[in-house]
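Chemist: Any chance you can model this:
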Amino acid sequence: MKTTMKRLVTVAAVAVLAATGLAAPAGAAPQDDGIRARVGAVPGMRLTGERPGADGQTVLDLAFRQPADHRHPERGSFEQRLTLVHKSVDRPMVLYSSGYDLGSAPQRLSEPAALLDANQITTEQRFFGTSRGADQDWSTLTVWQAASDHHRLITALKQLYRGAWISTGGSKGGMTAVYHRRFYPDDVAGTVAYSAPNNTDDRDDRAYDARLAQVGTAECRAALMEVQRQALIRREAMTQRYGRWAEEQKATFGTIGSADRAFELAVLRLPMMFWMHQPADGCAAVPGADASDDALYAWVAKVTLLPVYTDQSLRPYTPYFYQLGTELGYATFAAPHLEGLLRHPGVQEVRSYVPREIPLRFRQGAMADIDRWVRLHGRSLMFVNGENDVAVAEPFRPGRGTRDSYLFGVRDGSHHISITGLPPADAERATAALRRWAGQAGVSRG
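Modeler: Below you'll find the predicted structure:
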C-alpha cells in the first residue's frame, strides 16, 4: 500500500463493566430501550464497558468472538474489539474501521454516520490492539480473513439492525471497506472510501514518482528536494539530535537497524509525507539552505514523524507492515537528486519495518483481484480523494462494469478530506447518493 503510517494513537482503557451493575457514565443517553441486553444476547457478543455519549446515544464497548482462521474454525478464536454508538434500531448502521486498532476515540462518528444520523460500529482489525489470539499464525492475517470478520459481525448484528448498512473508512480503513465488499458485496448497501490507495502492481512505482513530479508548484517541489539534500548533507548533525532524542525517550532502532538508517528512510519518504499531511500553504514553511541545524531538524522531524521509526512505535503496527509485505504492497521512491548522499541500499523495502523472525512472502495478484472486481463488478462504491495526496497516485477507478459508483476529488486536498470539502455540486451528488443507499432519498437532515 502506498500510504503512510497513521498517527500514533493510545488504545483507550476499557470503561466500567456493565456486568457490575454500576450506573451509566455521566453524559450517556438517558433513555433505555434495552439495547444493552439485546446486544449482549447476540451469540458470540460480550459487553465489556460503556462510554459517555452525546444526547440520544448509548455507547457500548463490545467484544465479538471470531475464528482465528475462517477456513478452519476449529483452530481457535479471538475476541474482536468493537465500539457501538447506538441511537435507534430503526436508524441505518455505519460500519467504520481505521484499518488498525480501535483507537482512542472509537465513539467519534464518521462523516457518513453524521450525515445519515446513523448508528455506528467501529471495529478493531485482527492482529491489531488486543484483537488477536494467543497463538498468532501470521498466515491468517489476510484481506479475505479480515473481510470475513466483518461479514460474520454484520450477519450477527443484522438481527437487531435491519436497516441499511453503509461501510466506510479512510486510507487503510477505506481499503479495508473495499476489500470487504469484494468478497461479501451484499453485506452493505454502499461504501464510502476516503484516500484509499490501490496498489495493483507492487513492482511498478512509476505512478508515485510521477505524482511527486507534478504535485504543487515547481518552486515547492524544488524546495522539498533541496531540504532532502540538506538533511543528508548535514546527516551527522541531524542523526546526533535524533539519537539524543531517542536516548532521552529510551527508544531503540533494533528493527530498522540504527538511527542513521531510520533517518535516511524518513528523508526518502519526506515528499510523500509532506503532500499527504501539510496544509495548502505548507510550502512557505519549508526551510531554505540557510536554515540552522536546529530549525532544519525540527521541521524534518515534524513532517516525517521521526518518532514512528523506533521499535516502540513500530511494534503496534507490525501487522500493518506485514500486510504491506504480503498482499498490499509498498512504494519505494526514486531519488536521483540524492545520488552520492545515500548509504543504505534497500532501506525503503518493507522488510525494514518487520522483525526478521516474522516471514514475509508477497502474494502477487491479491490487489489486482480487488481492482478487477471494482472495475467489472463493483456497485454502490464512492471514492473520495485529495488532489495533492501522493498516497492515491494509484486510485481506485470505476470501470465499464461498475454500477452506481462515484470518484470525487477534493481540490488541493491532502490525505485528510471529506465529502463536505468537495465542490458544492459534487458534495450534493455524493450526499444524495449516500442517502439513497441508506434509504433516505429525498430526506434532508441537519
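Chemist: Checking the residue of the chain positioned farthest from its centre next. Helix, strand or coil?
Modeler: What lies farthest from the middle of the chain is D290; by C-alpha atoms, centre = their mean that is 36.8 Å. Secondary structure assignment for D290 (DSSP: H, G, I helix; E, B strand; the rest coil): coil.
Chemist: Could you verify my assumption that I166 touches A193?
Modeler: No: using C-beta atoms under 8 Å as the test, I166 is too far from A193 to be in contact (11.3 Å). C-beta here means a position set from N, CA and C on the backbone, and glycine is covered the same way.
Chemist: So between these two, which is more surrounded?
Modeler: I166 (29 against 26; other C-beta atoms under 10 Å).
Chemist: Checking my notes, the more buried one in a strand, right?
Modeler: Yes: using three-state DSSP, the assignment for I166 is a strand.
Chemist: If we ignore the residues flanking it in sequence, what's nearest the spatially most central residue of the chain?
Modeler: Nearest to the geometric centre of the chain sits K172, at 3.2 Å (C-alpha atoms, centre = their mean). Leaving out its chain neighbours, the residue that sits closest to K172 by C-beta to C-beta, 6 or more residues apart in numbering is G99, at 3.0 Å.
Chemist: Hmm, T176 and the one you found touching each other?
Modeler: Yes: if you go by C-beta under 8 Å, G99 and T176 touch, sitting 4.6 Å apart.
Chemist: Now the common contact residues for those two.
Modeler: Both G99 and T176 are contacted by Q125, G169, under the criterion C-beta atoms under 8 Å, 6 or more residues apart in numbering.
Chemist: more crowded one of these two?
Modeler: Per other C-beta under 10 Å, whichever of G99 and T176 has more neighbours is T176, with 29 against 26.
Chemist: separation between that one and H344?
Modeler: According to C-beta to C-beta, to the nearest Å, T176 stands 32 Å off from H344.
Chemist: and what of K158?
Modeler: As judged by C-beta to C-beta, K158 and H344 stand 51 Å apart.
Chemist: Between those two, point out the one with more neighbours.
Modeler: Between K158 and H344, counting by other C-beta under 10 Å, H344 is the more crowded of the two (17 against 13).
Chemist: host element of that one?
Modeler: Counting by DSSP states H and E, there is no helix or strand that carries H344.
Chemist: quick one, what contacts it?
Modeler: H344 touches G257, D260, R261, E264, L265, counting by C-beta under 8 Å, 6+ apart.
Chemist: swap the cut-off to 7 Å and go again
Modeler: Contact analysis of H344 by C-beta atoms under 7 Å, 6 or more residues apart in numbering lists R261, E264.
Chemist: Which phi and psi values does it adopt?
Modeler: Per-residue torsions, H344: phi -130, psi 80 (degrees, to the nearest 10).
Chemist: how close does it get to Q240?
Modeler: 18 Å.
Chemist: what does F78 give?
Modeler: 43 Å.
Chemist: and those two? which has more neighbours close in?
Modeler: Applying other C-beta under 10 Å to F78 and Q240 shows that F78 carries more neighbours, namely 22 against 14.
Chemist: nearest residue to that one other than its sequence neighbours?
Modeler: The shortest distance from F78 to any non-neighbouring residue, by C-beta to C-beta, 6+ apart, is to G133 (4.1 Å).
Chemist: so who does that neighbour touch?
Modeler: A68, G76, S77, F78.
Chemist: I'd assumed the last one was in a helix, is it?
Modeler: So the one you mean is F78. No: read with three-state DSSP, F78 is strand and lies in no helix.
Chemist: so it sits right up against T130, yeah?
Modeler: No: using C-beta atoms under 7 Å as the test, F78 is too far from T130 to be in contact (8.7 Å).
Chemist: any low-confidence regions in this structure?
Modeler: 1-32, 441-446 (pLDDT under 70).
Chemist: The stretch 101-250 of the chain: helices as residue ranges?
Modeler: Under the criterion DSSP state H, counting those that start in this stretch, the stretch 101-250 of the chain contains helices at 111-116, 143-157, 172-183, 206-212, 218-233, 235-249.
Chemist: Pick the most deeply packed of the ones you listed.
Modeler: Mean neighbour count (mean count of other C-beta atoms under 10 Å) peaks for helix 172-183 among the helices of the stretch 101-250 of the chain, with a mean of 25.
Chemist: what sits up against that one?
Modeler: So helix 172-183 is contacted by 1, 3, 97-100, 125, 143-144, 146-147, 150, 167-169, 187, 191, 193-197, 370, 373-374, 381, 396 (C-beta under 7 Å, 6+ apart).
Chemist: Longest helix of the protein, counting residues only.
Modeler: Using DSSP state H to define each element, the chain has its longest helix at helix 259-277.
Chemist: just checking, what packs against it?
Modeler: helix 218-233, helix 235-249, helix 293-304 (3 or more C-beta pairs under 7 Å, 6 or more residues apart in numbering; DSSP states H and E).
Chemist: got the CA positions of it in CSV?
Modeler: Provided in CSV are the C-alpha atoms of helix 259-277 (Å, rounded to 0.1, in the frame of the first residue of the first chain):
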residue,chain,number,x,y,z
ALA,A,259,19.2,5.9,13.9
ASP,A,260,21.2,6.6,10.7
ARG,A,261,19.1,4.1,8.7
ALA,A,262,15.9,5.4,10.2
PHE,A,263,16.8,9.0,9.4
GLU,A,264,17.7,8.1,5.8
LEU,A,265,14.4,6.3,5.3
ALA,A,266,12.5,9.2,6.7
VAL,A,267,14.2,11.6,4.4
LEU,A,268,13.4,9.4,1.4
ARG,A,269,9.7,9.5,2.4
LEU,A,270,9.7,13.2,3.2
PRO,A,271,8.0,14.5,0.0
MET,A,272,5.2,11.9,0.2
MET,A,273,4.6,12.7,3.9
PHE,A,274,4.6,16.5,3.1
TRP,A,275,2.0,16.3,0.4
MET,A,276,-0.2,13.9,2.4
HIS,A,277,-0.4,15.9,5.6
